[in-house]
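Chemist: just a sequence and a predicted model for now, questions to come.
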Amino acid sequence: MELIKLSFAISIIAFTYSVILTEPGMLLEKIASWAAFILPEWLFMPLIGCEKCVAGQMALWYCAFFEWQLKLSEYIFVVMFSIFIVTFIKPVYSWMQRF
C-alpha cells in the first residue's frame, strides 16, 4: 500500500511540474521554453517536456536515493506505476480545465 501511495505522490508532483507549471503565465514557463530551445530532445523530454518521462525519472531517482532498501520488483513497480498513473491524470486535468 505504501508503494501505491508513493507512486501517486510522485505522479502528481511530476504532472504538476511538467504540465501545469510550464503553461503560459506560470512559474516555469520561461525555463521550459529556454530548455526546449537549448537542450536536445533526448534530454529535454525526461527533464521537463514529457510528464510520463518526468514521472519515471522522479520515481527512479527517488527510489534510488531514499528507498534503496526496496526489492528490485518493488523498485520497478514504483517506476512503472508512476508512469501509468500520469496517463490517467492528464485527461482528468484536461476535462477539469473546461469548467
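Modeler: Alright, I've got the coordinates. Fair warning: this is a prediction, and the values are worked out from it, not measured in the lab.
Chemist: contacting residues around the residue sitting furthest away from the middle of the chain?
Modeler: Within the chain, Phe99 marks the point farthest from the mean C-alpha position, 24.3 Å out by Cα atoms, centre = their mean. If you count contacts by Cβ atoms under 8 Å, 6 or more residues apart in numbering, Phe99 has none. No exception for glycine: its C-beta is placed from N, CA and C like everyone else's.
Chemist: if I look at it, how far off is Met45?
Modeler: Look at Phe99 and Met45: by Cβ to Cβ, to the nearest Å, they are 30 Å apart.
Chemist: which other helices and strands does the biggest helix by length in the chain contact?
Modeler: Scanning the chain for the helix with the most residues, using DSSP state H, yields helix 72-97. Applying 3 or more Cβ pairs under 8 Å, 6 or more residues apart in numbering; DSSP states H and E, we find helix 72-97 packed against helix 2-15, helix 51-66.
Chemist: quick one: Val78 and Phe8 touch, right?
Modeler: No: counting by Cβ atoms under 8 Å, Val78 sits too far from Phe8 to count as a contact (10.4 Å).
Chemist: sweet, I'm off.
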